[in-house]
Structure formats: C-alpha cells, structure tokens
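Asker: after the sequence you'll find the predicted model.
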Amino acid sequence: MNDLVDYIAEAPGSSAIAIAYSRRIQVRCEKIGLVPFGGARRDDLSPGLRIIPLEKSALVCYRIMEDAVWITNIFRAGRDFEAILRGDPQSGEDE
C-alpha cells in the first residue's frame, strides 16, 4: 500500500490526495471482513485467493483465514497483477 500511496503522492500537491486515498483503501479493506466471500475467487492465480476492485483504480487481493481476512496485495489499476502473482519474469516485478 505504501508504494501505491507514494505513486499518487509523486505529483505536485498530491500528498493530501494520497493520504485520503490510503484512508479509503484502509476502510475498504476493513469492510472485507464483513462479507469475506464477496470477492471473486482466483484459484487460478493462487489457491484461496480472492479479489475485489477499489474505486476502479486499484485491486485488493486477499485470503480468508480461519479467524481473519489476510490482505495479500493491493495493485493500482493498469498493472498486470496476474503476471505478477504468477511470478512471470516478463512482469518486471518480484513475486
């Protein structure tokens, strides 16, 4: 999440926008626990993985644990999250 906020804050005068956005991400992630099975299953990428969009600008990846929801990744829109999660060396990202 820090990388995403830093990406937004890079534009001049955008630090307040980045802070507000990070708060909205946090609120959305906390709400996942209320309806944890609401996200789309993506077992093709990783067993037990679920995803939900965030404001058409990001994607939250998570897993349902015994007594909690574990947020695994947050990707900004436009990133090839599937390649990154598969560990595709062409994605330019580490697993």
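Answerer: Received it, and whenever you're ready, just let me know what you need. Numbering: from 1, shown residues only.
Asker: and the residue nearest the centre of this structure?
Answerer: residue 74 (1.8 Å; Cα atoms, centre = their mean).
Asker: from residue 64, how far off is it?
Answerer: According to Cβ to Cβ, to the nearest Å, residue 74 and residue 64 sit 17 Å apart. Just so you know, the C-beta spots here come from the backbone N, C-alpha and C atoms, and that holds for glycine as well.
Asker: tell me the mean pLDDT over the helix or strand hosting the residue nearest to the centre of the chain?
Answerer: Residue 74 belongs to strand 69-76 when assigned by DSSP states H and E. Strand 69-76 carries an average pLDDT of 92.
Asker: list the buried residues of the very next helix or strand once past that strand.
Answerer: Sequence-wise, the next helix or strand downstream of strand 69-76 (DSSP H and E) is helix 81-86. By neighbour count with 16 or more other Cβ atoms under 10 Å, helix 81-86 contains the buried residues 81, 84, 85.
Asker: which neighbouring elements make contact with helix 81-86?
Answerer: strand 58-64, strand 69-76 (3 or more Cβ pairs under 8 Å, 6 or more residues apart in numbering; DSSP states H and E).
Asker: any idea which of the ones you listed is most buried?
Answerer: By mean neighbour count, with neighbours taken as mean count of other Cβ atoms under 10 Å, strand 58-64 ranks first of these at a mean of 19.
Asker: can you add distance to residue 37 and give the helices and strands packed on helix 81-86 back as a markdown table?
Answerer: Output for the helices and strands packed on helix 81-86, formatted as a markdown table (distance: least, Cβ to Cβ, whole Å):
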| stretch | distance to residue 37 |
| --- | --- |
| strand 58-64 | 7 |
| strand 69-76 | 10 |
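Asker: wait, is residue 28 part of a strand?
Answerer: No - applying DSSP: H, G, I helix; E, B strand; the rest coil, one finds residue 28 to be helix, outside a strand.
Asker: need the contact list for it.
Answerer: Contacts for residue 28 were tallied using Cβ atoms under 8 Å, 6 or more residues apart in numbering; they are 52, 54, 60.
Asker: how near is it to residue 76?
Answerer: 14 Å.
Asker: repeat that for residue 56.
Answerer: From residue 56 over to residue 76 (counting by Cβ to Cβ), the distance is 11 Å.
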